[in-house]
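> mind looking at a prediction? Sequence and model below.
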Number of protein chains: 2
Amino acid sequence: MKKWIPIASGLLAGFVAATISFADFSKSTNTEVASSSTKSAAEKVYVPFGEKDDYYLFASGGHSGQMFIYGVPSMRHIRTVPVFSPDSATGYGFDEHSKEMMGGYTWGDLHHPAFSETNGDYDGKYMFATDVGNSRAAVMNLETFTVKDIIEVPNTSGPHCAAFVTENTEYMFLPTRFAVPLGSEYKSLDEYSEQYRGVMSAVTFDQNSEKLNIAYQVALPPWSYDLSDAGKKISKDWAVLTTYNTEEATTNLEINASQADRDFIVLFNWKELEQMVKDGKYEDVGGQKMIFPEKQKGVIYLIPVAKSPHGVDVTPDGKHFIASGKLAPAMTVFSFEKAFEAVEKGDFAGERNGIPIIKYESVMEREVNPENALGPLHTQFDDKGMAYTTMFISSEVVKWDPNTGETLDRVPVQYSPGHSVAAEGDTVAPDGQWLIALNKIAKDSYLSVGPSHPESMQLIDISGKMKVIQSSPVNPEPHYAQMIKADKIKTIEVYPKNEKNELATYKQEDAKIVRNRNKVDVYGIAMRSKFIFDAKAKRPDVIEVNEGDEVTIHLTNIDFDEDITHGFAINSYDLNIEVQPGQTNTIKFTADKAGTFPLYCTNFCSALHQEMTGYFLVKPKN
Amino acid sequence: MKKWIPIASGLLAGFVAATISFADFSKSTNTEVASSSTKSAAEKVYVPFGEKDDYYLFASGGHSGQMFIYGVPSMRHIRTVPVFSPDSATGYGFDEHSKEMMGGYTWGDLHHPAFSETNGDYDGKYMFATDVGNSRAAVMNLETFTVKDIIEVPNTSGPHCAAFVTENTEYMFLPTRFAVPLGSEYKSLDEYSEQYRGVMSAVTFDQNSEKLNIAYQVALPPWSYDLSDAGKKISKDWAVLTTYNTEEATTNLEINASQADRDFIVLFNWKELEQMVKDGKYEDVGGQKMIFPEKQKGVIYLIPVAKSPHGVDVTPDGKHFIASGKLAPAMTVFSFEKAFEAVEKGDFAGERNGIPIIKYESVMEREVNPENALGPLHTQFDDKGMAYTTMFISSEVVKWDPNTGETLDRVPVQYSPGHSVAAEGDTVAPDGQWLIALNKIAKDSYLSVGPSHPESMQLIDISGKMKVIQSSPVNPEPHYAQMIKADKIKTIEVYPKNEKNELATYKQEDAKIVRNRNKVDVYGIAMRSKFIFDAKAKRPDVIEVNEGDEVTIHLTNIDFDEDITHGFAINSYDLNIEVQPGQTNTIKFTADKAGTFPLYCTNFCSALHQEMTGYFLVKPKN
């Protein structure tokens, strides 16, 4: 066994926090434009007009609450897709559908994105993500790049250790970063070990209804669950999670959660958890099926790991998983087969919180300790099965062979990489070619925008010797990203006509305003370059109501023409929605201000976009 | 006189709207990588790590409500600065200061940005912008890239024809796109011509208090005011605006606002308007000083222009202004000197709405009609005084000489450019070198993200023959942008300590929680890698309150270290703020949910960021 982090963790932690040191490979020319006979770095990342990027990058937007879509290799930011926070650019959080999905929340902290998978490979259909801030999960449809469902996850707080999906998207597991009493009840922190729990939720997704559902939950010990991965192939029924604060500290975690030399990896068999639920081996907690592992044994195990680990990553062949302490110098390769054998034999070193501990020595395949590398956080893979691990503290990416432990290559990144993402690098079939380091600190890499700088992503060509070939500033804050081959995503061009939708109005002559006492329903049309709310009126683009009326506007964009999106805003009424080509959207509000308010199309649509206006007239009560 | 747009405008308008046609210069190789002996396009836009961009680009974010900051020539998106819409990524709209500035609104439609100027040149100190959606104006400080003030502009609706500043930032003028009755009162559209007005507001900015203020307003005719520019040098006391819908149509503007062959440019002398206010020649309208031009003559004039103009742009020497109908083929160069002469002589062709009309022939210097060019929208300038006009309908940028009318060069852009921006291209001293076309339609330029595509900006090298050298997708929706030399902007590295700020807590031992009946004030500290709310408590990172308490948290980031920003969120409480290095920020809310809620740092800050947590405990009422 090699180095564990030395004692005096508090001191070390303080040191690391205060003086982030950066690797300096002065002989390296990795960030320079290569003068090789092949393409220069500039040419490699350049995608001229008429060509397109090879990959989509879906990067979590962290506390922006959104998902950022980039093209690779150009690293151009193509679109921000709103998920957990409202976005007036697309009317998200304003129209009835998205408003309802958001459940009254006004922001989210979007952490790790996960594509839907078929046979362990991205299928390009859906993207899942979780909200650490307000404990939610969401699913995005990749035909339209829009969110279809968001659920609040009860009994949990901060599903950071997510989302990861099983090989055929049977489940998405959401273990939490924070422990709380079940149901978030008020309980003293003095009772932390007895009363608090870190809960893992097993979420299913129905592609027909496009709805998420919580199948069951597991009441894990009151630790912090950080990152996770589902097994693949031989390990496909299993999944692994990292934990920290197994000290169960309740204050000053900076020091108190770094006391024990080791934390744990949680290993569990989700097929057997599923069976437990079928067998009724759960308790009802606030309407959820909760499995208590100390009562229902034989499915969940602990494996010691270097203290405060971050990533745990399953190799493409499904045989191994790799984890490491985030302040440690070494990575550990663990063997699923050895773990299964230990489980089979009941070869345990006691229990923690009622969960059997598999001996480190029994499952450890090898420890890998590249010289001077420090702070291994997260590992991705290439098409040869080689591993790429981000080194947070020494600010570099190390390429190594999980089968031999040999260090193959290393490249400095600027600075403090959290995750990295390789092209399809967490699937059963990684693509190689590109790796992106998601750096937490940009320092002076870009033009300054004040005391707070952007984060930074750096594109690394991994086709030969690793080279950083592009540095890209990014809005706060990508925690993880996934990169998918462009041809796997099949978007639709327009929303198809749906004659069954009673809220849709496709014919100009059908546009109408229906009044029922103080309720006004507008069945309107947006088209280049006008609004029609009442086809029969003297001024079809005017909506007149009485002060206090409840107004509902159902607006259909009848331009069935790609990219011809219309917006709809009423001046001073603080509302804006979008209707994409063919789409019908509804907005509801109270006409609480009397007066004359212009309305207009907010999304540029044609040469006469500027003329696409009308009026909202609100007759005063008196 | 050359071609005006032919009759049958409605038909034409419909045609244009339905079939946007694109220029095809098949012999051109403008968008290809140049194989010249000098740098390739790829190399020109490539900024390797260790180097920085030469220019900042400030692009309006349209109905996103925000400002997008890019680097040029790399076209990398560096930062989104929230202005009119909340932004959880930076806690904007959540902390007390920004929440108050936003005035209860949850979105804005940010149109034309304008840098503060000294002697007609950008001084790099401030950026102004307006909100067409909810009729506001904002100012951003460029030391910190944060908004300092937002004002609502009464009596107006949609200040689209803004912002533009006078030569020494004496005023920012905000004419409106929509006409409304004064005070937005309810009035029938049948009384449009009599009762509705387009109001222009003259806004001043005090650099000491960093506050905006409405100096006076002008009740212009009920037309739409589209774009504007302040005079320079010899014309520095003057400004020009474009109008459309001088037909005073009240419905279906697509057709009805395109009837008259000509609309107008409004020309006014702001020094004399200022004098009028001093002389008391105004009326009080809702607390504002309102000048009625039909009563107070001799300061405002009309000049006929091709119908439905968009941009009006003053040449760097201040001698001319250029405008054109947006469906027209020709640009018109107007002479300020000739206009002054006409005013002097009283050489008018009657009046409209009580405002004298200067004869087109008296002020027109020349009409410029590049072959097959259609839809001139907006003009920028280079260091030689040459003009670059975006052609919306023929999708190209045309370079021409305003002194001779000669067409010098042209380049297709993809597609439908609205504005363009040249390096400092609307100042008295443009830089040349770069021009960016802000294209409204990207079509299939980028990887598809569904039925609605990104907008597109294209970087054009104008140092020799124009070449499009980079295409960049962009979030909706840049309406205008300004490009400033990087060394003009001087950001601060941290917020300086302010011992006079009673809400700030700089010493760890001073962190405290003060209770006054049901009001709880927390004077807390955020630092790598912990929160301290109550230095003397057993658990300094815990806040415990009673259900229903009014909680105010004043949080100071005592890491006086560039880029070490902390966030603060309470799980499920739907709140998140940011404290940049040295900054103190306040958030106020009611503890309306009893229970146990983890709190944590949302903005990555150090190796132990993940440990920077605590608890918010809310004791239930019963």
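Noted; the coordinates are in hand.
> hmm, residue A:226 and residue A:198 touching each other?
No. Residue A:198 is beyond contact range of residue A:226, at 10.4 Å (criterion: Cβ atoms under 8 Å). Glycine gets a C-beta too; all of them are placed from N, C-alpha and C.
> so for these two, which residues contact both of them?
Contact criterion Cβ atoms under 8 Å, 6 or more residues apart in numbering or on different chains; residues bridging residue A:198 and residue A:226 by contacting each: A:177, A:243.
> which positions in the stretch 351-500 of chain A make contact with chain B?
A:375, A:392-393, A:414, A:416, A:418, A:440-443, A:445-455, A:458, A:468, A:471-477, A:486, A:489, A:491-495 (Cβ under 8 Å from any Cβ of the partner chain).
> for chain A, what spans make up the helices?
With DSSP state H applied, chain A shows helices at A:9-18, A:41-45, A:96-102, A:192-195, A:253-256, A:270-278, A:336-345, A:360-363, listed in chain order.
> okay if I get those as TSV plus mean neighbour count?
Formatted as TSV, those follow (neighbours: other Cβ atoms under 10 Å in any protein chain shown):
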stretch	mean neighbour count
helix A:9-18	17
helix A:41-45	22
helix A:96-102	18
helix A:192-195	14
helix A:253-256	22
helix A:270-278	17
helix A:336-345	17
helix A:360-363	18
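> of residue A:198 and residue A:226, who's got more company?
residue A:198 (26 against 23; other Cβ atoms under 10 Å in any protein chain shown).
> and that one, how far from chain B?
11 Å (Cβ to the nearest Cβ, to the nearest Å).
> contact partners for that residue?
A:175-179, A:220-225, A:243.
> among these, which are within reach of chain B?
Within those, those near chain B by Cβ under 8 Å from any Cβ are A:177-178, A:224.
> what's the closest of the contacts of residue A:198 to chain B?
residue A:178 (3.6 Å; Cβ to the nearest Cβ).
> sorry, back to before: out of the ones next to chain B among the contacts of residue A:198, who's nearest residue B:77?
residue A:177 (29.2 Å; Cβ to Cβ).
> skipping its backbone neighbours, what lies nearest that closest one in space?
residue A:160 (3.4 Å; Cβ to Cβ, 6 or more residues apart in numbering or on different chains).
> touching, that neighbour and residue A:129? I think so.
No. With contact defined as Cβ under 8 Å, residue A:160 and residue A:129 do not form a contacting pair (11.8 Å).
> got any residues that touch both of these two?
With Cβ under 8 Å, 6+ apart, residue A:160 and residue A:129 have common neighbours A:111-112.
> poorly predicted segments of chain A, please.
Within chain A, the segments meeting pLDDT under 70 span A:1-37.
> residues touching the spatially most central residue of it, list them.
The centroid of chain A falls nearest to residue A:113 when counting by Cα atoms, centre = their mean (2.7 Å). By Cβ under 8 Å, 6+ apart, the contact set of residue A:113 is A:58-60, A:67, A:127-129, A:163, A:480-482.
> and with 6 Å instead?
A:58, A:60, A:127, A:129, A:482 (Cβ atoms under 6 Å, 6 or more residues apart in numbering or on different chains).
> how about the strands in the stretch 1-150 of chain A?
Ranges of strands in the stretch 1-150 of chain A, per DSSP state E, counting those that start in this stretch, are A:55-60, A:66-72, A:77-82, A:114-118, A:121-131, A:136-141, A:146-152.
> which residues touch the third one?
Put plainly, it is strand A:77-82. In contact with strand A:77-82 (Cβ under 6 Å, 6+ apart) are residues A:66-71, A:90, A:92, A:145, B:77, B:446-447, B:449, B:454, B:473, B:475.
> tell me, how many residues neighbour residue A:529?
So residue A:529, with other Cβ under 10 Å, has 26 neighbours.
> so what's it closest to, chain neighbours aside?
Per Cβ to Cβ, 6+ apart, closest to residue A:529 is residue A:608, 3.7 Å.
> the one you found and residue B:256 touch, don't they?
No. Between residue A:608 and residue B:256 there is no contact under Cβ atoms under 6 Å: 11.2 Å.
> and the stretch 501-622 of chain A, which of its residues are near chain B?
For the stretch 501-622 of chain A, the residues in contact with chain B (Cβ under 6 Å from any Cβ of the partner chain) are A:528-530, A:539, A:541, A:563, A:565, A:567, A:569, A:571-572, A:574, A:576, A:580-581, A:594-596, A:598, A:602, A:604, A:606-608, A:611, A:613, A:619-620.
> what's the ChimeraX line that selects buried ones from those residues?
Buried residues among these (16 or more other Cβ atoms under 10 Å in any protein chain shown), as a ChimeraX selection:
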select /A:528,529,530,539,541,563,565,567,569,571,572,574,576,580,581,594,595,596,598,602,604,606,607,608,611,613,619
